[in-house]
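In: just a sequence and a predicted model for now, questions to come.
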Amino acid sequence: MSKKVFSALWAEIEAIGRVSGGGYIRYALDGPDLVLRDWFRNQADRRDMPVTDDGNGNLFAWWGDQWGRGAVLTGSHFDSVPHGGGYDGPLGIVSAFLAIDQLRAAGHQPSTPLAVVAFVEEEGGRFGLPCLGSRLLSGAIDPAKAAALTDRDGITFGEALGATPAGPLPGLKSRFGALVELHIEQGRQLAEPVGVASAIWPHGRWRFDFTGHGDHAGTTKMADRRDPMLTFAYTVLAANKEARLSGAHATMARVEVEPNATNAIPSLVRGWLDARAADTATMDALVEAVTKRANDRAGRDGTDVRVTAESVSDEVTFDTALATRLSALLDDAPILPTSAGHDAGVLSAQVPTAMLFVRNPTGISHSPAESADHADCALGVDALARVLSELT
């Protein structure tokens with residue numbers, strides 16, 4: 001695949017959802033994401049690939065029998081985190097269509113159906129639950145519960161979708177023979193243009209609701225305050241310290257405050273903890289330690305804390321034999337773990353799953369600074385085409 005060919009197709013979507021403040025805002029089933037979903041259908045039409053929707057918002061473009069047995073899937077997602085990078089997700093979908101072009105040009109005739117998939121709501125940026133589309137497809141979440149998830153404007157996922165999600169695909173294990181998701185690498189581990197994933201760290205999101213007594217910032221004595229912002233601030237620092245002590249990752253980067261006024265002591269501060277570790281025991285211990293320290297501090301501040309687990313994903317080890325096979329096929333491409341979550345990780349419990357990573361020169365992701373060299377992206381397409389040729 002030439003860099004020029006990759007760049008030409010990439011240019012078709014590069015500006016969609018890009019904002020003046022930096023990066024992209026592509027929320028699931030809204031605005032730019034809907035434009036990208038139309039682009040997906042148009043790309044499929046250009047290639048005479050029928051498109052189906054599984055009733056959960058996931059799109060599939062088919063080369064071969066629709067929903068045929070043993071189908072090989074490849075693709076990723078379009079949605080982004082707020083002001084995120086452009087490559088996280090869409091790179092896998094663009095590369096999938098180009099890999100199919102390459103296979104067809106070489107005269108390849110797949111022995112099993114091959115489908116390009118665009119998963120819905122992978123980031124959880126709109127409805128709060130990451131990998132929602134793959135969770136629904138695999139039966140990892142109840143459709144009614146998913147339908148009731150709301151965005152910041154009170155719109156439910158069911159309303160955005162236009163229906164209650166269909167839920168798990170019957171016979172999923174027999175229908176899909178493998179899933180290969182190509183993705184930009186989201187760290188600084190990959191020195192070669194292309195690598196193969198070995199595992200995903202366990203990770204999750206916990207909502208901390210800190211409640212106190214709202215009052216006037218000017219007339220309330222410091223000794224009389226029950227300020228939940230103090231408890232929240234302490235918890236942010238505690239999470240950082242506990243993560244460093246355990247070799248894990250902890251982030252509290254999203255916060256909501258009521259009434260959110262400069263001259264008012266808040267009555268409620270709601271913050272979200274993102275916790276990740278190399279193993280489940282370490283992650284669980286981290287969350288337990290942060291929760292304990294939050295409650296201890298609340299006792300001193302005269303506030304209350306309630307912790308709710310919104311999503312928790314166990315450690316994922318990708319199909320070892322498949323990863324080894326793909327590494328050998330790609331001239332001993334490096335095999336490396338990742339601490340970022342992916343739809344491939346959700347489906348790995350039921351389908352042989354692998355991931356290919358394309359080098360990220362900065363190592364930065366979920367940021368406008370995320371980048372990839374298009375020469376590396378073209379090599380990623382080549383690698384994906386070789387893998388799909390082998391698997392079909």
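Out: That came through fine. Predicted, not measured: the structure shown is a model, and the values here were computed from it.

In: can you classify residue 72 by secondary structure?
Out: Three-state call for residue 72 (DSSP: H, G, I helix; E, B strand; the rest coil): strand.

In: isn't it up against residue 180?
Out: Yes. The pair residue 72 / residue 180 is scored as a contact, 7.2 Å apart, by C-beta atoms under 8 Å. Any C-beta I mention is one placed from the backbone N, CA and C, and that applies to glycine too.

In: show me whatever sits in contact with both of these two.
Out: With contacts taken as C-beta atoms under 8 Å, 6 or more residues apart in numbering, residue 72 and residue 180 have 388, 391 as neighbours in common.

In: ranges for the helices of the stretch 201-350 of the chain?
Out: Using DSSP state H, counting those that start in this stretch, the helices found in the stretch 201-350 of the chain span residues 228-246, 280-301, 320-329, 343-347.

In: what's the most buried one of those?
Out: helix 343-347 (a mean of 28; mean count of other C-beta atoms under 10 Å).

In: now do the contacts for residue 317.
Out: 198, 199, 348.

In: scratch that, residue 177 is what I was asking about
Out: So residue 177 contacts 69, 70, 71, 72, 112, 351, 352, 391 (C-beta under 8 Å, 6+ apart).

In: repeat that for residue 278.
Out: Contacts for residue 278 (C-beta under 8 Å, 6+ apart) come out as 201, 247, 248, 337.

In: what about the first one, neighbour count?
Out: Residue 201 sits with 24 neighbouring residues when counted by other C-beta atoms under 10 Å.

In: and residue 195, which helix or strand is it part of?
Out: Element membership for residue 195, per DSSP states H and E: strand 194-200.

In: so for that strand, mean pLDDT?
Out: Averaging pLDDT along strand 194-200 gives 94.

In: from the contacts of residue 177, keep the buried residues only.
Out: Buried positions within the contacts of residue 177, assessed by neighbour count (16 or more other C-beta atoms under 10 Å), are 71, 72, 112, 351, 352, 391.

In: quick one, what contacts the last one?
Out: Listed by C-beta under 8 Å, 6+ apart, the contact set of residue 391 reads 72, 112, 177, 178, 180.

In: how about the fourth one, secondary structure?
Out: In other words, residue 178. Taking three-state DSSP, the label given to residue 178 is strand.

In: from residue 317, how far off is it?
Out: According to C-beta to C-beta, to the nearest Å, residue 178 stands 16 Å off from residue 317.

In: repeat for the first one
Out: From residue 72 across to residue 317, the span is 20 Å (C-beta to C-beta).

In: what does the last one give?
Out: The span separating residue 180 from residue 317 equals 16 Å under the rule C-beta to C-beta.

In: rewinding a little: for the contacts of residue 177, which one is nearest residue 366?
Out: residue 351 (26.1 Å; C-beta to C-beta).

In: just the pLDDT for the closest one.
Out: Confidence score, pLDDT, at residue 351: 95.

In: go on, residue 21?
Out: pLDDT recorded at residue 21 is 79.

In: hang on, it in a helix?
Out: No. Residue 21 sits outside any helix when classified using three-state DSSP, being coil.

In: quick one on the thing from earlier: any idea which of the contacts of residue 317 has the most stuff around it?
Out: Taking other C-beta under 10 Å as the neighbour criterion, residue 348 ranks highest of the contacts of residue 317 with 22 neighbours.

In: and the pLDDT at that one?
Out: Listed pLDDT for residue 348 reads 94.

In: and the contacts of residue 177 as CSV, adding distance to residue 131?
Out: Formatted as CSV, the contacts of residue 177 follow (distance: C-beta to C-beta, whole Å):
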residue, distance to residue 131
69, 25
70, 23
71, 20
72, 20
112, 25
351, 14
352, 18
391, 22
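
In: pick the one among the residues you listed closest to residue 269.
Out: When these are compared against residue 269 (criterion: C-beta to C-beta), the nearest one is residue 351, at 40.8 Å.

In: distance between the strand holding residue 195 and the chain's centre?
Out: In terms of C-alpha atoms, centre = their mean, to the nearest Å, the centre of strand 194-200 is set 15 Å apart from its chain centre.

In: measure how buried the nearest residue to residue 262 once chain neighbours are set aside is and give me the count.
Out: Ranked by C-beta to C-beta, 6 or more residues apart in numbering and with sequence neighbours excluded, the top spatial neighbour of residue 262 is residue 217, at 7.5 Å. Residues lying near residue 217 (other C-beta under 10 Å) number 13.
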